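Colleague: Below is the sequence, then the predicted model.
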Amino acid sequence: MKTILLVEDDAVVAHVYRERFLREGFNVETVSDGLTAMKSLRAIKPDAIILDLLMPKLNGVDVLKFIRAEPSLKSVPVIILSNACMSEEADEAAKIGADLALLKSGCTPAQLVTAINNLLSGKPVKLDTAQRLAIRNKPEDKPEK
């Protein structure tokens, strides 16, 4: 059974996604802030992480930096699930190496389950652009003329 760590400070959102992943056969651990997530990561050893960006104590960017710097965690797929659209945090998460960034208000639990299953099996994740978190283009991302 695959384990998902869901890092979400909104109790209702966490409950909805947790219940859906449980029905799909996943083991789900939930934490409501970035500091607890960092403390829990080594013990939980998740197969995938769903991470909000705007949270109490430590934000999602700080947690993602920790994940990507930790040898035992750096290859774990991380999906950013946030409404921090076009924010500096979303841009930073993309640079650090989030595997996927989804707009919370544009993604259903079923779509998130499909995205996790595809990431874990190495398949491409195909989602409508309305579901993806908008990331600003950096000057280095612009194609050369």
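Modeller: In hand now; what should we look at? On a predicted model such as this, the values are computed, not experimentally measured, just so you know. Numbers count the residues shown, from 1 in each chain.
Colleague: Spell out, range by range, the helices that occur in this protein.
Modeller: 11-23, 34-44, 60-69, 88-96, 109-121 (DSSP state H).
Colleague: any low-confidence regions in the chain?
Modeller: For the chain, the stretches flagged by pLDDT under 70 are 84-94, 126-145.
Colleague: 50 - rerun?
Modeller: Under the criterion pLDDT under 50, the flagged ranges of the chain are 86, 129-131, 133-145.
Colleague: could you redo the helices of the chain as CSV and give each row mean neighbour count?
Modeller: Every residue, glycine included, has its C-beta placed from N, CA and C. What follows is those, written out as CSV (neighbours: other C-beta atoms under 10 Å):
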stretch, mean neighbour count
helix 11-23, 15
helix 34-44, 17
helix 60-69, 21
helix 88-96, 18
helix 109-121, 17
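Colleague: Kindly reformat those helices as TSV containing distance to residue 54.
Modeller: Listed next are the helices of the chain as TSV, based on distance: least, C-beta to C-beta, whole Å:
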stretch	distance to residue 54
helix 11-23	12
helix 34-44	10
helix 60-69	7
helix 88-96	7
helix 109-121	18
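Colleague: Nearest to residue 81, out of those helices?
Modeller: Among the helices of the chain, the nearest to residue 81 by C-beta to C-beta is helix 109-121 (6.9 Å).
Colleague: what packs against that closest one?
Modeller: helix 11-23, strand 48-51, strand 78-82, strand 100-103 (3 or more C-beta pairs under 8 Å, 6 or more residues apart in numbering; DSSP states H and E).
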